[in-house]
Structures are given as structure tokens and as C-alpha cells.
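> Pasted the sequence and its predicted model underneath.
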Amino acid sequence: MADAKLREVATIEDARAWRDEIAARGGKVVFTNGVFDLLHSGHVAYLDAARAAGDGLIVGLNTDASVRRLGKGPERPINNELDRAYVLLGLKAVDQVVLFDEDTPLKLIVALGPHILAKGADYTLEQIVGAKEVLAAGGDVLRIPLREGRSTTAMLRALRQS
């Protein structure tokens, strides 16, 4: 059932089938991606804004191995990929979570064919992985303003100082 929230990580095939069901009803699916390690109000506001742009939201979630390759620090991720996925799936805004192990989500974006690609406004259009492909397919790219001072890095810095 397309409207039921899965309580587990979706495969690329399952997420694509879900996206196709939404599209068949005339709806639009939004895709975003990230690490989402220590979930904070900035993440929730961002995901709410992404979901509001369409009829469903798929989150591409970096695997633990890909997070380590991003160079976020030796202690990252703090929460493992399945815990991070479970927390995301508990949010009202998130319909699907798909793990990706590559350094960028390009392969996942191309496979899913979202109607809208969302990323933080701290990225320029040229920096957004998959923007060119989504635009070429007739989709849109949404740059969402971030909440000032809300980041996992800032949270970790504050914890270390206390």
C-alpha cells in the first residue's frame, strides 16, 4: 500500500515502486539525502520543508562506511545506520529511507527518479549532486534554508565544551 509507512529501510526497488505509485496518482516525490546522525530541530524543520514540497519524501541515508569516508571525524557516525534510519522513519515527514554506500547519492537519485530534489540552501545549484539529472528529466531542485546554529557539529562541540 503506497500510503503506509514502512517501518524498515526500503530497497531501491521498493522505493522506486512506491515513487511510481505516487506518480500514477498525479503526485510528486521529493528526495533528499544526508547523514542525520544526531537528529536536531534543524533536521526536523528541513525534512518538514522537503516533504511539504511534494506528496512523499524519500531520504537517502549514508551508510556508516560512507559517513567515515566523508571525513566527519573518527567518532562519526555516533549512531549506526539502522538506528539513524529508524529515527528518521519515526518522523511524520519521512515516508521512505534507502541506504546508500557510495560517496554521493547520484546512483540512487538516478535510480529513483524523484520529481523534486531537495538540499540545504548552503549548497549552490551547481554543488547539488543529481541536480543536473533531475532538471534534465523535467524535475525541480529545491534549496531549503537551514536553521541558524543548528547542526550536529555544533551539538558535538557544545557537548565537548561542557
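In hand now; what should we look at?

> Just give me the residue right at the centre of this structure.
By C-alpha atoms, centre = their mean, the mean C-alpha position of the chain lies nearest to residue 33, the distance being 2.7 Å.

> what about the strands in the chain?
Assigned by DSSP state E, the chain shows strands spanning 29-34, 56-62, 96-100, 116-120, 140-144.

> before we move on, back to that, check contacts around the residue nearest to the centre of the chain.
For residue 33, the contacting residues are 59-62, 100, 105, 108-109, 119, by C-beta atoms under 8 Å, 6 or more residues apart in numbering. All C-beta atoms are positioned from the backbone trio N, CA, C, and that covers glycine.

> can you pull the contacts of residue 48?
92-93.

> nope, residue 141 is what I meant
With C-beta under 8 Å, 6+ apart, residue 141 has these contacts: 116-119, 125, 128, 131, 134-135.

> Distance-wise, check it relative to residue 18.
Distance of residue 141 to residue 18, computed by C-beta to C-beta, to the nearest Å: 21 Å.

> Number of residues surrounding residue 81?
Close neighbours of residue 81, defined as other C-beta atoms under 10 Å, add up to 22.

> returning to that earlier point: which one of the strands of the chain lies nearest to residue 8?
Of all those, it is strand 96-100 that lies closest to residue 8, at 8.5 Å by C-beta to C-beta.
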